[in-house]
Structure formats: structure tokens, C-alpha cells
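1. Next input, structure requested:
(2 chains)
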Amino acid sequence: MSEKTMEKREKGRLAKLIDSFGLPRLIITLFLLLLLILAPFVGADLPTQITNIIARFSWNGILVLAMVPMVHSGCGLNFGLPLGIISGLLGATISIELGFSGAMSFVMAILIATPFALIFGTGYGWLLNKIKGGEMMIATYVGFSSVSMMCMMWLILPYKSPNMVWGMAGKGLRTTISLEGYYDKVLANFLRIQIGNLEIPVGTLLFFAVFALGIWAFLHTKTGTAMTAVGSNPVFAKAAGINVDRIRMLSVIMSTWLAAVGILVYEQGFGFIQLYMAPFYMALPAVSAILIGGASVNKASIMNVIIGTILFQGIVTMTPTVMNNMIHMDMSEVIRIIVSNGMILYALTRKTEGSR
Amino acid sequence: MSSEMKPLLEMRNISKDFFGNQVLTDINLTLGEGEVIGLVGENGAGKSTLMRILFGADMIRETGGYGGEIRLDGEVKHFSSPFDAIAAGIGMVHQEFSLIPGFTTTENILLNREPVRKNLLSEIFGDRMNTLNRSEMDERAANAIEMMGVSIDRRMVISEMPVGHKQFTEIARELSKEQLRLLILDEPTAVLTEKEAEALLASIRGMAARGIAIIFITHRLQEILAVCDRVVVMRDGYVVNESKASETNVSEITKWMVGRDVKSPSKTEAAVRSGDAKTIMKIEKLWVDMPGETVRNVSLEVKDGEILGIGGLAGQGKLGIPNGIMGLYQAGGKVTFEGQEIPLNSPRKCLDSSFAFVSEDRRGVGLLLDESLEWNIAFPAMQIQNKFLKNYLGGLIKWRDEKAIKSVTDRYISELAIKCTSSAQKARELSGGNQQKVCLAKAFALNPRMLFVSEPTRGIDVGAKALVLEALKKFNRENGVTIVIVSSELEELRQSCDRIAIVSGGRIAGILPASSSVEDLGALMLSQVV
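-> Take a look at the predicted model:
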């Protein structure tokens, strides 16, 4: 009898471990490890691959972090991320237009993006407070429509800088703008470590760490605690005298601003500003990254952000390389789409489980 | 009457643990045809888990199954879902209603088991196109209702019914299943008025006479004695006693349940003092738009340092009073506290005037179910009074003081004897009584001048009930806090309050000293019913 119960206990413990880490997360981790092991055998250079993963982690970290405030306040996943990204793009293009260059252009881009993020975030937050319960659906459409709106604006707005406008017409911004001479790799090259083929962009990682620490600290303050409580049970928060709408609004503004900063960091790593439809494709990877990291629709931690971004970006960079080398066919985009959409689907089915 | 009968149900050596946490140990239970057993025990004693095992609930399987075996008619059964259990003739009426509000009684009783007629469409498109046989439905519903020996309107829509009738509808639904042999009633009388409860008890006897075995779970021990053949008492996952109902009494059962002597909450010196105390709160012409508990015109004076009880029948508006004053529902009128007017419809203003409120809706309003006890207890005090915070940069950064939060939580855990694994446990995982204690601790941590407590003992067992009431009285005595208790249980108000105001039809029908007789208070309750 005792042996039997022991066995049962053992099983229970294993089940609990899997439960706490999440079976899909476990599978993805193992898959990523498998890819890393396979890489050298199919002819991919491992240090280069690891460099890629780290670099992509550093570019995307803050965009994923932008999910955290809204998840905590119960607004769900920020599918309206493009709105914040657009604020960032406005900051970037105006900073260049005004003639700033080098590291200064990065600082100015953030400063200029900030008022846009505040204004857009306020409007977005106001809207989300009107439609409690359907946030994620509305957020998706806010993202869609803001991207479309800006597609027109990029053409109309009176930008003049020859580095940004179409060569022939002399007006209207190009789809892709090179950042050379501006803030290309300003963070990545700061304190960069290079060992053979392995490259670590310490500056970008530090920048991410500062923001992650900031959010972590914020969640430990009085207001941060209120934010978590609002997400956990809004009626409880109201009964404790919290202005629920104001806290939700704050979370949306934070999220929007983080997205603005996040896209600037992404650009400095990537080396280009991408306009028009590009912001459209930024929300889903960020959403799936935080979900892979183990967050649910109303619970997310900094650890979820870090683990999720590493796993997601790891899969996204490794799978195409390894696959392509194995079967000599370009499948990268297909795999990327399957992984990111599959994870979103999985996470949304878990929504009820994360119960309120 | 049962011992010589062939057992219908046998549960042998049932045990169950949730990831190493043993909640049931070696439970044996037998039940004969037409026998009624009463299952009692404090919250968390394992009654619900045992019934879930019997009913094949999913959560049992998901958490690793159970040990031991269940036999029906001597045959080992293993229910993998409630459907199997229903097919085997087991019916269960849960504490929460599962009825469709917009459907009539008949429709709810026969939902998805309606007698049907074939028609042209169904010949072509299959059975889903059959039409309902209304007249036969009516007949079958009438039969089921008649079996209970009560009369409820078969055509009434559920949403318009009083709670008692909803409960009867639930039971009728189980009765209308022909294969029903064993009926589990989980606290069916908790929401009923005394009269309705009596009717229910009578119908239990009727059902038993027809050969249906019944497991009756309730906290009202009198009912058990009135209707059951045997009483099974559970404590901490064990069956501690099993005896014939005719051979025991309430105090004996109580003793078995809690494993210690429970003094019934004592009457203190309080009663005398209210006469000359000054008025601390004055409520004038209050109206509150709380669905189902509308307050129409309440004027009331609360004296400094007293415990005022507010009683009344369900739906008459007694719950609306604290909810309205605290700003959770739209309200109007004038409330003055210590001579200052308190603005209505603003929870924050009330809390700043050092009011506190323990809601009757524990899980909905009272708790952060997914957060730790620490958060639950410290949160309002932190947000409203800036307690448990460390200030940095001249107050610019208000950092959560985890240590202070843990210590205050631990203090209340030991003070109120909250049963939990640690202060970091999630509120969801506690039993009802312990959750109620957490709600009280949350209010106490605010150090209020004025405390509203709504239905403090709803759905919790005798042991916890006595503790909760005692804690309130102690808080009142030691800190001089004025307390307003709103409760449906007159007896409880009479034991703990100085004065009792009875609400009827959304108005105060009268205020009597707590020593008044139940008859007087009862007469007031019915005086203005709408």
C-alpha cells in the first residue's frame, strides 16, 4: 500500500511539475535544444546561430515586455501593439527629419515618440474602458485601423529629409529607411563582446534589463499592486476604493509607450526603419512570445517575458536555418507563421483556465 | 428502519488526496433503499469531495482519482463522468442553481429529456426536428412536482420565481428522471425561508417513502434530526461518528463535528448600553437600486459603539442598505457620520471616512481568489491608508512592504484561526468559512470606525459561525467599533446584536432590542412585504 501511494505521489509530483512549467513550453524547449544539437550536423555554425538568437532576443525584448501592464490590469493581451509602434515610428522619422544623427537621434526619437504614445494611449485606453470584456477583439482592430491610417499619413506628411523620402518624387516616405549614420546599432555596439563568431550586444541587453527591472519594480509599488488587483478582480478593487478605469488607462498608456520604445530598440538592432504595413506584423510575434513564456490572459511576469522571447525567437531563427540546410528548401516564413499562430491559438484556448 | 434492508449504495474505504494533501481517509458509508442519511461536518471536512467522488465529477479524475470502491446494488461502479452517475440513477442538487432563467418550470424540469412528437420535417431531417409534446411535458412535470408534495406554478418563468421555488424546480428535475434511486441534496435549505424549508423536509420524507434514498447535506442540524434516519458526521476527512438520528441531539452532533465543546455565542453585557449612547451615523431617506434587494426609503440611526442588526426576509432590501452606503450600487438620500455628510456612490469617500464593508458576495466582491491571503488581507489597507508601504525618494515611490504584509497576515491567521497552509496560499483554495475569516481580517486591517458586515455566516458551518460572530463581538468590544450586521438568520442577530432593525418592503419596519421574542421580530418582517 505504501509503495503504491509513493508511486502515486511521485506521479503527482511529476504531473505538478509539468503542470507548472506547461507541457507545450516543455515541448518547445526540448525542440529548441534538439535544433541546437542538430545545427552543427547539418552544416550551420552554432556560434553564429546563438549570436542570432541573442540578437533577436535583444531587439524584441521590450516589445514583449509591453504586454505586461495590460495583462496585469485585466485588459488582456495588447493586440493593439501597432498603435504604440506607430508612435515610435513617428518619433524615429521626426528625429531624423530634424537632423539629429548618431546616438542623439536615438535619444530624440524616444523623446519625440513619448507625447505621441501618451496621446494615442489615452485614446486607446478610453476606448478599452468603454468595451470591458471584449478588449482583445477591439485591440486587434485598433491595431489594424491605425496601421492603415498611417499608410496614408506616411505619404502625405511633409517629410523632406532626402534619406527618407522617395528619390524620384521627393516626397512621401520610403517603405524601408536605412539607419546608417543615425542610430544603427547604437545600443548593440555599446560594450559589445566578440568571441570568434559569437557576438553579444551587451548594450541592448542592458537597456532591456533596465526596462524589465523598471516594470518589475513598478509591480511592487502601491499603484502596481492596484493594477494587479484590478486585473484579478475588478469588483474587489472597486470595493477597495480603486478607480478601476484610471488604473486600466494607465496600463494601456504604459503598454503603448513601451511599444514605442520597443520598436526603436528593434530598429537600432535591425538597422532599418520599416514603415507602412510593417507594424502590422509586430503584434502577433510579441503576443505569442509572452504566451510561450507561460503567461495567461490575465497573469504575466517578467520571467514569462524573458523565457518566452528566448524560446520564440530561438525557434524562429533556428527552425528555418536547420530545416533549409536539411531539405534545401526555403520554408522559414511558413514555419514562422505556423509557430506563432499556433501558440496564440493554444493560449486563447487556455483563457478560461486562467479563470478570474 | 434501514438496517435489515439490502444496501443500495456502499462506499468502501474511500480515500482521496490532492497532490499529497489527504482530504478523505478510509470513508465507509452504506445506504439502503428509501433511507435518508444526514451528512454533516464543518466546511473543509470533506463532504463535498465525497459527494463529488460519488457523482463522478471531472475534477476528481483530473486530480488523480480516488482510492477505495463504490458499489451500487453490490456491483462495483466507477463513474468517469456525471453522466455515468446519472445513468446509474444518482441525482444531485447542487448548492448553486443550474436553471435557465428565461424558461418555465416545466421546460427546466424536462430540459433535454422532453417527450417529443414526430412531424414531417423530422421524418426528413432526423430527430432534431421533432416538436415538443407540450401536454405530456406538462403532465410529467406535474407528476414530479407532486412527488415533492408542494405546489409551484409550472408555467412560471424561472427568473420571476422566489428562490425557494427555484430550489424545488431543481429537485423536481431530478425526480422526473425515472431511473432516479439516490438523490444527493447539497444544502438545499440554505436559501429557503423557514416555511419553504419545512415543505422541503416534508417532501424529503415523501420521496423516501417512495423508495428513493437520500443523502442530505446541511448545516442546519435541526433539519437533520427532523428528517433523517441516520446522521453521519465528518471531520477532517474522517467519518467520526454515525448514529441513529432518533438517538442523538444537536449539541452532541456539534461536539462531534468540531471535536470540542462549542458554547453557543454568549450574550454579553452589551444590551444595556445602547440606550444613552450618542448617534454616530444617521441615514435619511436612503434609496438603493440593487437588483433583487431594492431599498425604497430607509431612515435609521446607528448609535456609537453598538452592534446593530438588520434583519428581514430575502429580497426585502436589507442587503441593499450596506451596499448602497458603500457605493457599490446606485443610491440616493442622505447619510451623515459624526455630523459630516458622506457622499454616496463613491466607495473611496466611504473608505476614507474609515468605514469598512464585508460583502455578502465573498467570491465576487470580497476576495481576490487568485491571489495570496497576504494580498487579500493587506490590499485595502495598503491602497486606502498607505499601510504596509515603504517610502523611497520622499514618498515618490511607495514600495510594497512584504515583511509587514506577511506579519499582519500571520497575525490574523492565528487570531481568527484561519485554516491554511501558509499566508501565501491562494484564497480560492480555502473553504467557505475560512474565506469569510479572510474577509473579516481584510476589514479589521483597515481599523475602521464603522464596520458593515453582510451575511457573515452564509454557507458556513457552526464552528466557523461561532468564531466569526465571536470575532466581530470582540472587535466591537475591544476597539469600540460600531458594527452593523445584516443577516437573514434572526437567531444569530439576537445572539450578537444590541438592537435589531427589521427591513420589510425596502423600509425599516421597526427597531427592537435584541431580547425581543422571535414572534415579534417575525411579525415585523412580514408587515410591509411587497
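
2. Now do the longest helix anywhere in chain A, average pLDDT.
-> Longest helix in chain A by number of residues (criterion: DSSP state H): helix A:102-130. Helix A:102-130 comes out with an average pLDDT of 93.

3. and the next element down the chain from that helix?
-> For helix A:102-130, the following helix or strand on the C-terminal side (DSSP states H and E) is helix A:135-156.

4. packing partners for that next one?
-> Under the contact criterion of 3 or more Cβ pairs under 8 Å, 6 or more residues apart in numbering or on different chains; DSSP states H and E, helix A:135-156 touches helix A:81-97, helix A:102-130. Glycine gets a C-beta too; all of them are placed from N, C-alpha and C.

5. among those helices, which is nearest chain B?
-> For the helices and strands packed on helix A:135-156, proximity to chain B was assessed by Cβ to the nearest Cβ; helix A:102-130 is nearest, at 17.4 Å.

6. list the buried ones in that closest one?
-> Buried positions in helix A:102-130, judged by neighbour count with 16 or more other Cβ atoms under 10 Å in any protein chain shown: A:105-106, A:108-110, A:112-114, A:116-117, A:120-121, A:124-125, A:127-129.

7. Same question for stretch A:18-32.
-> By neighbour count on 16+ other Cβ under 10 Å, the buried set for stretch A:18-32 is A:22, A:24-25, A:28-29, A:31-32.

8. ok, now stretch A:257-267?
-> A:257-267.

9. Just put those residues in JSON lines and tack on secondary structure and distance to residue B:523.
-> Shown next, in JSON lines, are these (DSSP: H, G, I helix; E, B strand; the rest coil; distance: Cβ to Cβ, whole Å):
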{"residue": "A:257", "secondary structure": "helix", "distance to residue B:523": "64"}
{"residue": "A:258", "secondary structure": "helix", "distance to residue B:523": "64"}
{"residue": "A:259", "secondary structure": "helix", "distance to residue B:523": "66"}
{"residue": "A:260", "secondary structure": "helix", "distance to residue B:523": "68"}
{"residue": "A:261", "secondary structure": "helix", "distance to residue B:523": "70"}
{"residue": "A:262", "secondary structure": "helix", "distance to residue B:523": "69"}
{"residue": "A:263", "secondary structure": "helix", "distance to residue B:523": "72"}
{"residue": "A:264", "secondary structure": "helix", "distance to residue B:523": "75"}
{"residue": "A:265", "secondary structure": "helix", "distance to residue B:523": "74"}
{"residue": "A:266", "secondary structure": "helix", "distance to residue B:523": "75"}
{"residue": "A:267", "secondary structure": "helix", "distance to residue B:523": "78"}
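
10. Could you identify the pair within these that is furthest apart?
-> Pairwise distances across those (Cβ to Cβ) peak at 16.1 Å, for the pair A:257 and A:267.

11. Can you list the low-confidence ranges for the chain?
-> No chain specified, so I'll use chain A. A:1-12, A:17, A:19-20, A:332, A:336, A:340, A:343-344, A:346-356 (pLDDT under 70).

12. um, chain B though
-> B:1-6, B:19-21, B:43-44, B:191, B:258-276, B:528-530.

13. So which bits of it are right by chain A?
-> Chain B comes close to chain A at residues B:19-20, B:64, B:326, B:328, B:347-348, B:350-352, B:357, B:359, B:364-371, B:375, B:379-380, B:382-384, B:386, B:389, B:397-400, as judged by Cβ under 8 Å from any Cβ of the partner chain.

14. out of the residues you listed, which are buried?
-> The neighbour count (16+ other Cβ under 10 Å) marks B:64, B:326, B:328, B:347-348, B:350-351, B:357, B:359, B:365-371, B:375, B:379-380, B:382-384, B:389, B:397-398, B:400 as buried among the residues of chain B next to chain A.

15. Helices - which of those residues land there?
-> Mapping those onto helices (DSSP H) picks out B:347-348, B:350-351, B:375, B:379-380, B:382-384.

16. For the residue of the stretch 151-300 of chain B at minimum distance from chain A, which residues are in contact?
-> With Cβ to the nearest Cβ, the shortest gap between the stretch 151-300 of chain B and chain A falls at residue B:290, namely 13.7 Å. Contact partners of residue B:290, counting by Cβ atoms under 8 Å, 6 or more residues apart in numbering or on different chains, are B:317, B:319-320, B:323-324, B:329.

17. what two of those residues are the furthest from one another?
-> The widest separation within the contacts of residue B:290 (Cβ to Cβ) is 11.2 Å, between B:317 and B:329.

18. between the two, who's got more neighbours?
-> Shown here are residue B:317 and residue B:329; by other Cβ atoms under 10 Å in any protein chain shown, residue B:317 has more neighbours (29 against 19).

19. The more buried one in helix, strand or coil?
-> Under DSSP: H, G, I helix; E, B strand; the rest coil, residue B:317 falls in the coil class.

20. which residues touch it?
-> B:288, B:290, B:293-296, B:298, B:503, B:505-507.

21. Restricted to helices, list those residues.
-> Applying DSSP H to the contacts of residue B:317, no entry is found in helices.

22. Among those, name the buried ones.
-> Among the contacts of residue B:317, those classed as buried by 16+ other Cβ under 10 Å are B:288, B:290, B:293-296, B:298, B:503, B:505-507.
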